[in-house]
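Asks: Turn this into a structure:
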Amino acid sequence: MLGPEEADLMTSRGPGLETLFDAALLGLGAVIAYVSWGYGFGSLARPGPGLYPFFLGAAIVVCSVAVIATRAHRTSGGQRLDRREARILVTMTCTFCLWILAMPVLGYVLVTFITAYAFCKVLALEGWRKPLALSATTAAFVYLLFGHWLYIDLPRGILFE
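Replies: Predicted coordinates for the structure are as follows:
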C-alpha cells in the first residue's frame, strides 16, 4: 500500500508522464503521415501504398491533440487503476504481443481464435461455451471478411503451408 507521500508523488508525476507519452504519439503520427506522403496516394480506382498509412498517421495526430487538449483542461489527477484492472491491462497487452509473435507460425485465423478466447477468459466471461462461441465467431468473421470478401491473403503460418 502506498503512503500519502508516495501517492502524492505519483499523482503529481502521472499527468506529466502521460502528456509526454501523448506527445510521443503525436510525433509518431506526424512521422507516419510524413513518410507515407512520399509513397504516393494513387487514385480512387488504384490506391497507392501511402494512402492508408497517411490517414492512419493523421488520425493518430488528431487523437493525440484531442487527448492533450482534454488533459490540459482537466483539473483532477484522474482515476488510478486498481490491482485487478492493472493485471487485466498487462495480461491483455502481453496477449496482443504473443498474438503478433505467434501469427507467422500458427496463422492468422488460429491465433485470432486463441487470442479472442484468452481475452474472454481474462475479462471473466463465464463458462467455456460462451468464450468458445465468441472466439469461433470472431475468427470466422475475420477469415470471411479479409480472406474472401476483401481478398487479402492472411498469414497461414508455417504449420499450415
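Asks: Break down this structure into its helices, ranges please.
Replies: Taking DSSP state H as the test, the helices found in the chain are 4-39, 51-73, 83-106, 108-122, 129-142.
Asks: Most tightly packed of the ones you listed?
Replies: Using mean count of other Cβ atoms under 10 Å, the stretch among the helices of the chain with the greatest mean number of neighbours is helix 108-122 (a mean of 19). Backbone N, C-alpha and C define where each C-beta goes, glycine included.
Asks: now that one, how far from the centre of its chain.
Replies: 15 Å (Cα atoms, centre = their mean, to the nearest Å).
Asks: tell me the domain boundaries of this structure?
Replies: 4-73, 83-149 (automatic domain parsing).
Asks: could I get those as a markdown table with mean pLDDT?
Replies: Formatted as a markdown table, the domains of the chain follow (pLDDT from 0 to 100):
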| stretch | mean pLDDT |
| --- | --- |
| domain 4-73 | 82 |
| domain 83-149 | 91 |
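Asks: Among these, which comes closest to R156?
Replies: Each of the domains of the chain was scored for nearness to R156 using Cβ to Cβ, and the closest is domain 83-149 (4.7 Å).
Asks: distance between the ends of the closest one?
Replies: From its first residue to its last, domain 83-149 covers 42 Å (Cα to Cα, to the nearest Å).
Asks: got a list of what G40 touches?
Replies: Residues near G40 by Cβ atoms under 8 Å, 6 or more residues apart in numbering: 48-50.
Asks: Let's check: the centremost residue of the chain is which one?
Replies: F96 (7.9 Å; Cα atoms, centre = their mean).
Asks: ok, that residue to V90 distance?
Replies: F96 sits 11 Å away from V90, taking Cβ to Cβ, to the nearest Å as the criterion.
Asks: Need the domains of the chain in TSV (columns: distance to L159).
Replies: Putting the domains of the chain into TSV (distance: least, Cβ to Cβ, whole Å) gives the following:
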stretch	distance to L159
domain 4-73	29
domain 83-149	6
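Asks: show me what contacts the residue nearest to the centre of the chain?
Replies: Going by Cβ under 8 Å, 6+ apart, F96 touches T115.
Asks: Okay, it and G50: tell me how far apart.
Replies: Taking Cβ to Cβ as the criterion, F96 is separated from G50 by 26 Å.
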